[in-house]
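Q: pasting the structure only:
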Ligand SMILES: Cc1cc2nc3c(=O)[nH]c(=O)nc-3n(C[C@H](O)[C@H](O)[C@H](O)COP(=O)(O)OP(=O)(O)OC[C@H]3O[C@@H](n4cnc5c(N)ncnc54)[C@H](O)[C@@H]3O)c2cc1C
C-alpha cells in the first residue's frame, strides 16, 4: 500500500475542493480498504467524507424520501419509514454482507463499490477492466459470473443497494466542481460496451450527496429476495428487486431488477412487459420469470444461475404483490 495524505473536510464544498487529481473519496472504507490492499487504486490523498455535515440523514419531504449517502446499511434496514414505504430497500440492506459490515458500510459506497470478480481483484490478471485485452472469466473460473450481457466482461455488479434502488426509481443528487446535478439511477450505471473500465457515470471530483426515492404510488408494493450459496452472510448468487403498481387487481406497472446477473444491475424489461396488464398470480409470475432470463447466455460453469434466477424472480414478484398497500 502506498503512502497517502488524509483529509477530513467538514462541508461538501471543502470535500469537492479537496478532490485534486490523484485523490479518492472514502466513506465507510470497506471497499476502499480492499482496493488499496489489492493495488487497484494508488491514491495520493484520501478524502474522508465521514465528518461532512448532513450526509447521514434520512428525511421525509414533499418530493419523497431523501437518504444521505453516509447512511449505513444497518440504519437503512432498521428505519421504520423505509420498512413501511420501501420494503425492497430495507430487505436488501438487511441481507447484505455481515452485521459488522452493515454497521460501517454506507449506501453511497455500496452503489459505487467495484466488482468482486476474482480476476479483476487479482493484480496478476490484467483484464479488460484494467486496460488489458481479455476477460479471464471466459474460459476460466466463472461459476459466480454474469449470465446476461457478459460478452466483453463477465463480472457481476456487486451492489444490492443498486438492485433495490433501481427498482424503486431512485434519483441521485451529485455535487462537483461545477455545481449540483441530479441523475436518475436508471442510466447511471455504465455497461462494458460503453466503457469497460468503469461501472458508473460519476465524474471526476463528483460526490453523491443524496439519494431520493419518490413516494410510492398508492396500490404499489415492493420486495427483494436474495439467494446465496449458504444461509449465513454471503454474496448473492442471485438477487432480485421488484416494484409493482396495481390497478383494479391488475399490474399497471412493474419494475423488475436482477442483481448479480450482469455487469450492471439488469432491468428485466421483457419480464415487466409480460406482467403489465395481467392479474398477478402464480401463472403470470412464472411467465414473467421465464421472460426475465430469456436472453441469458451462461458461461461454462454458471448455467445453474439461470434456474435460480427464474425461481427468485417468480418469488419476488409474488412477494411484491403480497406487499401491495
Ligand atoms: C465479506 C463481505 C461481504 C459483502 N457482501 C455484500 C453483499 O451481500 N451485498 C452488497 O451489496 N455488498 C456486499 N459487500 C460490499 C459492502 O457492502 C461494500 O463494500 C460497502 O457497502 C461499501 O461502502 P463503504 O461506505 O464502505 O464505501 P467505501 O469503501 O468507503 O467506498 C466505496 C467506493 O465508493 C466511493 N464513494 C463512497 N461514497 C461516495 C460518495 N458519497 N460520493 C462519491 N464517491 C463515493 C469511494 O471513493 C469508493 O470508490 C460485502 C463486503 C464484504 C467485505
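A: Here it is on my side, so go on. Note that the structure is a prediction, hence the values are computed from the model and not measured.

Q: rest of the way, CA atoms for contacts and neighbours
A: Will do.

Q: would you mark the buried spots in stretch 265-279?
A: Judged by neighbour count (16 or more other CA atoms under 10 Å), stretch 265-279 contains these buried residues: 265-277, 279.

Q: filter the residues you listed down to the ones in helices?
A: Residues of the buried residues of stretch 265-279 located in helices (DSSP state H): 269-275.

Q: closest one of the residues you listed to the ligand?
A: Of all those, the ligand sits closest to residue 269, with 22.3 Å by CA to the nearest ligand atom.

Q: mind checking pLDDT for the closest one?
A: Here, the pLDDT recorded for residue 269 equals 98.

Q: I'd guessed it sits against residue 256; true?
A: Yes: checked against CA atoms under 8 Å, the pair residue 269 and residue 256 is within contact range at 7.4 Å.

Q: overlap in contacts of these two?
A: Common contacts of residue 269 and residue 256 (CA atoms under 8 Å, 6 or more residues apart in numbering): none found.

Q: residue numbers of the stretch 151-300 of the chain in contact with the ligand?
A: Residues of the stretch 151-300 of the chain lying close to the ligand (CA under 6 Å from any ligand atom) are 158-161, 207-209, 234-236.

Q: which of those residues tops the neighbour count?
A: Within those, most neighbours by other CA atoms under 10 Å means residue 160, with 30 neighbours.

Q: and the pLDDT at the nearest residue to it once chain neighbours are set aside?
A: Excluding the flanking residues, the one nearest residue 160 by CA to CA, 6 or more residues apart in numbering is residue 92, at 5.9 Å. Looking at residue 92, its pLDDT is 98.

Q: what's the answer for residue 233, then?
A: As predicted, residue 233 sits at a pLDDT of 84.

Q: now do the same for it: helix, strand or coil?
A: coil (DSSP: H, G, I helix; E, B strand; the rest coil).

Q: list the contacts for it?
A: 95-98.

Q: rewinding a little: least confident of the residues of the stretch 151-300 of the chain next to the ligand?
A: Model confidence across these bottoms out at residue 234, which has 86.

Q: report the contact partners of it.
A: 96-98, 228.

Q: sort out for me which of the residues you listed are in helices.
A: Reading helices off the contacts of residue 234, I find no matches (DSSP H).

Q: are any of the residues you listed buried, and which?
A: Using 16+ other CA under 10 Å as the burial test, those include 96-97 as buried.

Q: would you mind finding the longest helix in the protein?
A: The longest helix of the chain (DSSP H) is helix 304-322.

Q: elements contacting it?
A: Applying 3 or more CA pairs under 8 Å, 6 or more residues apart in numbering; DSSP states H and E, one finds that helix 304-322 makes contact with strand 220-227, strand 238-247, helix 282-292.

Q: so can I have a markdown table of the ones you listed showing mean neighbour count?
A: Below are these laid out as a markdown table (neighbours: other CA atoms under 10 Å):
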| stretch | mean neighbour count |
| --- | --- |
| strand 220-227 | 26 |
| strand 238-247 | 27 |
| helix 282-292 | 21 |
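
Q: pipe these into TSV and attach mean pLDDT per row.
A: As requested, the helices and strands packed on helix 304-322 are exported to TSV (pLDDT from 0 to 100):
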stretch	mean pLDDT
strand 220-227	98
strand 238-247	97
helix 282-292	98
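
Q: save those as JSON lines, and put in distance to residue 195 too.
A: Formatted as JSON lines, the helices and strands packed on helix 304-322 follow (distance: least, CA to CA, whole Å):
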{"stretch": "strand 220-227", "distance to residue 195": "28"}
{"stretch": "strand 238-247", "distance to residue 195": "24"}
{"stretch": "helix 282-292", "distance to residue 195": "25"}
